[in-house]
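sequence below, structure please.
(one chain, ligands or ions: 1)
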Amino acid sequence: MSSTDQAKVSPQIIAYQGHEGAYSHLACRNVFPEAQALAYPSFEQAMQAVVKQEAQVAMIPIENSTAGRVEEIYRALPKAGLFIIGEYFQPIHHCLLALPEANPTEIHTVASHPQALAQCARHIQALGLVAEAASDTAGAAKALAQANNLHQAAIASSIAAELYGLKILESQFQDEDTNTTRFVILANCPIELTYQVKTPYLTSLLFKVRNLPAALYKSLGGFATNGINMVKLESYMDRRTFTATEFYLEVEAHPQDPAMQRALEELGFFAEDVRLLGSYHPHILRYQYA
Ligand SMILES: O=C(O)C(=O)C[C@]1(C(=O)O)C=C[C@@H](O)C=C1
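I've put the predicted structure just below:
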């Protein structure tokens, strides 16, 4: 989000998944330092908090540069009925944590969120540790401190180490230096951005196509012929059938751009259940590795 748009959105309460010190929590603090961040056990509950108006927005990780998409978000997004009002890129620097009195040579297992485990897979393998999935990174750190287990490590942030009294065995434990997670900011209503030519916008949308030859090709043809750049396309099967596929699409355009309107019209012609999830400005870090 640009600073002007951020100024327009000033939530008092932000919902996130995990425990205090999770990267989602850090993202909340970085984007909205004035707001109160409320922890929820699952992504779905964090989204529901916005639906129920316990929070004005939710900060949700959608993909990571090393480990790829956060699968469950794509399942939860269509059901939640929320809108994307912004994106935020958080560089993720993992630490390998243990109890202060632990001996690194006697540690056999490591717990963390599956995304964090995937982001550190090579380092975990090099140390010969067995990976165990936890609800979130900070939750793994907290559980380790409570269990007082000298043979276990956790992967979490340095802030989680401080919060839960753990020592840092290794910092920069992620496999890639550029490891970054993209978060989306969800709200009950879309933000209204006035369309201005030459201003960068992103628009996210969902649609479904029948499992027929050229169905996707025809649905997306309008974006190609109207010069609209696609930046992301995720596909996933509807859980009940193999005959239709659902797509999550992101394009660099505003819905009031006449070229985008023509592309959307063509999409509507060939696809089903087209739903605009929102238009927002790209975050500055989106282009840092370009
Ligand atoms: O467990 C956390 O700390 C989270 O915020 C979740 C999450 C994710 O789901 O991708 C967020 C950022 C990191 O990439 C690792 C985990």
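
can you get me a residue count around Leu216?
Neighbours of Leu216 under the rule other Cβ atoms under 10 Å: 18. Yep, even glycine has a C-beta here, placed from its N, CA and C like the rest.

quick one: contacts for it?
Leu216 sits next to 209, 245, 247 when contact means Cβ atoms under 8 Å, 6 or more residues apart in numbering.

can you confirm it is in a strand?
No: according to DSSP: H, G, I helix; E, B strand; the rest coil, Leu216 belongs to no strand; its state is helix.

quick check: it vs the ligand, distance?
27 Å (Cβ to the nearest ligand atom, to the nearest Å).

just to revisit the earlier point, out of the contacts of Leu216, who's nearest the ligand?
Using Cβ to the nearest ligand atom, Phe247 comes nearest to the ligand of the contacts of Leu216, at 21.5 Å.

re earlier: now the contacts of Leu216: which count as buried?
Using 16 or more other Cβ atoms under 10 Å as the burial test, the contacts of Leu216 include 209, 245, 247 as buried.

ok, and what's touching the longest helix along the chain?
Counting by DSSP state H, the longest helix found in the chain is helix 258-270. The contact list for helix 258-270 (Cβ under 8 Å, 6+ apart) reads 203, 207, 209, 215, 218-223, 225-228, 251, 253-255, 274.

ditto for stretch 66-80
Identification of contacts with stretch 66-80 by Cβ under 8 Å, 6+ apart yields 43-44, 47-48, 50-51, 60-64, 115, 118-119, 174-176, 179, 186, 206, 234, 236, 239, 246, 248, 275, 277.

around the ligand, pick out the residues from the stretch 101-250 of the chain.
Contact residues (Cβ under 6 Å from any ligand atom) of the stretch 101-250 of the chain with the ligand: 113, 115-116, 136-138, 181.

what's the farthest-apart pair in the residues you listed?
Ala138 and Thr181 (14.1 Å; Cβ to Cβ).

give me the more crowded residue out of those two.
Neighbour count, other Cβ under 10 Å: between Ala138 and Thr181, Ala138 has more, with 29 against 24.

show me the helices in this protein, by range?
Under DSSP H, the chain gives helices at 3-8, 23-31, 43-51, 71-80, 114-119, 121-127, 137-147, 158-163, 215-225, 258-270.

now tabulate those in TSV and tack on mean pLDDT.
Shown next, in TSV, are the helices of the chain (pLDDT from 0 to 100):
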stretch	mean pLDDT
helix 3-8	47
helix 23-31	98
helix 43-51	97
helix 71-80	90
helix 114-119	98
helix 121-127	98
helix 137-147	98
helix 158-163	98
helix 215-225	96
helix 258-270	97
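
by pLDDT, give me the weakest of the buried ones among the contacts of Leu216.
Lowest pLDDT among the buried ones among the contacts of Leu216: Thr245, with 86.

OK, contacts around the spatially closest residue to that residue that is not a sequence neighbour?
Among residues not flanking Thr245 along the chain, Ser235 sits closest, at 5.3 Å (Cβ to Cβ, 6 or more residues apart in numbering). Counting by Cβ under 8 Å, 6+ apart, Ser235 touches 245-248.

and Ala244, by the same measure?
For Ala244, the contacting residues are 208-211, 238, 272, by Cβ under 8 Å, 6+ apart.

6 Å instead, please
For Ala244, the contact set (Cβ atoms under 6 Å, 6 or more residues apart in numbering) comprises 208, 210, 238.

out of the residues you listed, which sit inside strands?
Counted as lying in strands by DSSP state E, out of the contacts of Ala244, are 208, 210.

and the contacts of Ala244 as a markdown table, adding pLDDT?
Listed next are these as a markdown table, based on pLDDT from 0 to 100:
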| residue | pLDDT |
| --- | --- |
| Lys208 | 93 |
| Arg210 | 80 |
| Asp238 | 72 |
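
now the buried members of the contacts of Ala244.
Lys208.

nearest to the ligand, of the contacts of Ala244?
Of these, the one sitting nearest to the ligand (Cβ to the nearest ligand atom) turns out to be Asp238, at 23.3 Å.

for that closest one, what are its contacts?
Going by Cβ under 6 Å, 6+ apart, Asp238 touches 244, 246.

try it again with 8 Å
208, 244-246.

hang on, the earlier thing: separation between the residue nearest to Thr245 and Thr241?
In this view, Ser235 and Thr241 are 14 Å apart by Cβ to Cβ, to the nearest Å.

any residues in contact with both of those two?
If you check Ser235 and Thr241 against Cβ under 8 Å, 6+ apart, no residue is contacted by both.

Ala22 against Gly139, yeah?
Yes: counting by Cβ atoms under 8 Å, Ala22 touches Gly139, with 7.1 Å between them.
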